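Peer 1: need the 3D shape of this:
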Amino acid sequence: MTYTIDWLAVAPELTVVAGILVVLTLDLFLSRRDKYWTGVVAVLTVSLAVVPLIVMAADDLTRAMFDGSFVVDDFALVLKGLFLVAGYLVLLMSVTYIESDRYYEGEYYLLLLVSILGSLVLASSRDLILLFIGLELTTGPLFLLAGWRKGDAKSNEAALKYFILGVLSTAMLLYGMSLVYGLTGSVRFVGIREAIPAIGAAQEPALVLGVLLMIVGFGFKVSAVPFHFWAPDTYEGAPTPVTAYLSVSSKTAGFVAMLSVVYLAFPDLTSIWGPALWLLAAASMTVANLSALRQRNIVRLLAYSSVAHAGFMLVPFAGAAVAGQALSEGLSATVTYLVIYALMNLGAFAVVIAGARRTGTGDIEGWAGFGSYAPRQGILLVVFFLSLAGIPPLAGWFAKFVMFQAVIAAGGTAAVWLAVIAALNSVIAFFYYARVVKTVWMDPAPAELGEEATAPATGALRLAMGLAAVAVVVIGVFPGISAFFGDATTRILNGG
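Peer 2: Sure, this is the predicted structure:
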C-alpha cells in the first residue's frame, strides 16, 4: 500500500479540521457575550473549504490515495460541494436561531463542523472502513444537536429516540459489513466486487444477509419507510436548523453511502438489493405522503415530506436495478434529485424559521394570512413549497422529470409500476404543499398578532433564504446547469 498524500485532495477536510480547532480554542477563552465569533469562524471555515474544490474541479483530475480507498473524482467533488453549500446555509440559519443561548454556542458550531467533516470524508470513501467512519462522523454529532434545547421535553425525546434507533441501525450496518468482509476478504469496493463471483452456494445465504443488513442500516440514515419512525418526532423536537441539516446533509450522506456501496461493490447483486430498494421507494412515497396529509405542524409536515422525497430519490435507481438495466442512468437521476432537493428543502426550512419568528407558532393554522403582513417571506414560501411539489418553472420540476425519465427508460413491469406509484404520490404531495400556500395567502390573518409575532428575519437568515431562492429559480429556468451533477456520477467508477 502506498501512503503518498495528495495535500490538495485532502485540503477541504484539513480546512474544516483547522476550523474545528479554532472554534474549540475560541470557545475556551471567549466570554459568553463574545461567543458569536465561533459562528463567524464556522461560516468562514466552510467558505474557505470550497476553494480547493474549485481548484480540483478546474484541473479535472482523479486523485486517489491509500490504494484507492480515498478518491476525489467528479462524483466526490459534486457531493463535497453540496455538503459545504448545505452546511453554509444551515450555519446562516443557526446564527439567528441560537443567539439566545450564548453559553453553549461554541459547542453547537463545533458539532456542526465535525458533522460536515464526516460528510466530506464520506464523499471520497471507497472502502467499508472509511465509509463507516465518515458516515458515523456525520451522524454522531447530530445525536447531541437533536437534543440541544435541554429544557424542552420534546427535544429530549427527539434526541433519545434518534440515538437509540441510530445505534441499532449502526449495529446492523456494521454486522452486514462484517459478513461481507468475512466472505470476500476485502474492505475495498473494487475488491468486494471482484471476489463476489467466487463465493460458493453454501456461502450465498450469508452474503444475502450481509447485503440486506447494510440496506437496512442505510435505510435508517435516509429515513426510508419502515425505518422512518424517528424522523417526525426528531425533526419537531430538534432545533429547526438542526432539523434542516438532518433532512438534507444527513440524508444525503446516507444516500451517498448506499449508492456508493451498491454501485461499486454490489453491481452484480441487483437481484438481492434491487427488490429491497423498490419496496423502500414505494413504501416511503406512499406512507409518508398519506401521513403528511394529516399534519397540522409545519415542521412535522416537512418531516414526512422529507421521507417521501427519500422514496422519490430511490425510484430511478431501484427501477434500473429491478429492470436489469445499466445503473448509471438511475444513479445520475438520483444525484441530480439530491442536489435540487437540498436547495429547495433548506430554503423551506429557512422560511419556516423566519415565519415562526413572525407568527410565534409552528402550527399551520397559525400562519393564516402570513403573506399579508410578511409578503416577501410569503412569496419565498410559495417558491420553495411549490418547488418541492415539482411545479414549473421552479427547480423541483426538473428533479421529478429526471426521476420519471430514468425509471420509464428502464422499462419492465416493475419499473413501470414504480413510475405509476410515483405519479400518484406526486399528486398527493401537491395537495398538502398547496394547503400551506393557501393558508398563508388566502386565509384571513388574525385581527391581532401576538406579542411574539414581531421578530423580523435577521440578515444571515435573509441571506440563506435569498441564496436558496435564487438557486431554485435559476435551476428551474435553466435546468441544464444541474445536468453536470448527474453526468459526473457516471464517472464514479474512475475512483474504483
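Peer 1: give the residue spans of the stretch 101-250 of the chain that score low on pLDDT.
Peer 2: 101-103, 200-202 (pLDDT under 70).
Peer 1: so where do the helices sit in it?
Peer 2: Assigned by DSSP state H, counting those that start in this stretch, the helices in the stretch 101-250 of the chain fall at 105-124, 128-146, 153-184, 189-195, 204-221, 230-237, 240-245.
Peer 1: which elements pack onto whichever helix or strand comes after the shortest one?
Peer 2: If you walk from helix 240-245 toward the C-terminus, the next helix or strand you reach (DSSP states H and E) is helix 251-264. Applying 3 or more CB pairs under 8 Å, 6 or more residues apart in numbering; DSSP states H and E, one finds that helix 251-264 makes contact with helix 74-97, helix 105-124, helix 128-146, helix 189-195, helix 204-221, helix 298-323, helix 328-359. Where you see a C-beta, it was placed from the backbone N, CA and C, and this is true even at glycine.
Peer 1: let me see the mean pLDDT of the helix or strand that helix 251-264 is followed by.
Peer 2: For helix 251-264, the following helix or strand on the C-terminal side (DSSP H and E) is helix 270-292. What helix 270-292 shows for mean pLDDT is 93.
Peer 1: flag every buried residue along helix 270-292.
Peer 2: 270, 272-274, 276-278, 280-289, 291-292 (16 or more other CB atoms under 10 Å).
Peer 1: start and end of stretch 7-16, how far apart?
Peer 2: 14 Å (CA to CA, to the nearest Å).
Peer 1: list the buried residues for that stretch?
Peer 2: 9, 10, 11, 12, 13, 15, 16.
Peer 1: equivalent analysis for stretch 194-212, please.
Peer 2: Quick answer for stretch 194-212 (16+ other CB under 10 Å): 195, 196, 207, 210, 211, 212.
Peer 1: check which element follows the helix or strand residue 19 falls within along the chain.
Peer 2: Secondary structure assignment for residue 19, by DSSP H and E: helix 11-29. Scanning forward in sequence from helix 11-29 by DSSP H and E, the next helix or strand is helix 36-59.
Peer 1: which helices and strands does that following helix pack with?
Peer 2: helix 11-29, helix 74-97, helix 105-124.
Peer 1: those: which one's closest to residue 372?
Peer 2: helix 74-97 (22.9 Å; CB to CB).
Peer 1: and the angle for that closest one with helix 36-59?
Peer 2: 160 degrees (axes from the mean of the first three to the mean of the last three CA atoms, to 10 degrees).
Peer 1: how far does helix 74-97 sit from the chain's center?
Peer 2: Taking CA atoms, centre = their mean, to the nearest Å, one finds helix 74-97 lying 10 Å from the centre of the chain it belongs to.
Peer 1: which helices and strands does that helix pack with?
Peer 2: helix 36-59, helix 105-124, helix 240-245, helix 251-264, helix 328-359, helix 459-477, helix 480-489.
Peer 1: how about a cut-off of 10 Å?
Peer 2: helix 11-29, helix 36-59, helix 105-124, helix 240-245, helix 251-264, helix 328-359, helix 459-477, helix 480-489 (3 or more CB pairs under 10 Å, 6 or more residues apart in numbering; DSSP states H and E).
Peer 1: so which of those helices is the most packed in?
Peer 2: Highest mean neighbour count among these (mean count of other CB atoms under 10 Å): helix 240-245, with a mean of 28.
Peer 1: distance of the residue nearest to residue 465 when sequence neighbours are not counted relative to residue 468?
Peer 2: Excluding its sequence neighbours, the residue lying closest to residue 465 (CB to CB, 6 or more residues apart in numbering) is residue 350, at 4.5 Å. For residue 350, the distance to residue 468 equals 6 Å [CB to CB, to the nearest Å].
Peer 1: now swap in residue 379 and tell me
Peer 2: Taking CB to CB, one finds residue 379 at 13 Å from residue 468.
Peer 1: intersection of neighbour lists for the two?
Peer 2: residue 351 (CB atoms under 10 Å, 6 or more residues apart in numbering).
Peer 1: what's the neighbour count on residue 151?
Peer 2: Per other CB atoms under 10 Å, the neighbour tally for residue 151 reads 6.
Peer 1: state the mean pLDDT of stretch 441-461.
Peer 2: For stretch 441-461, the per-residue pLDDT averages 68.
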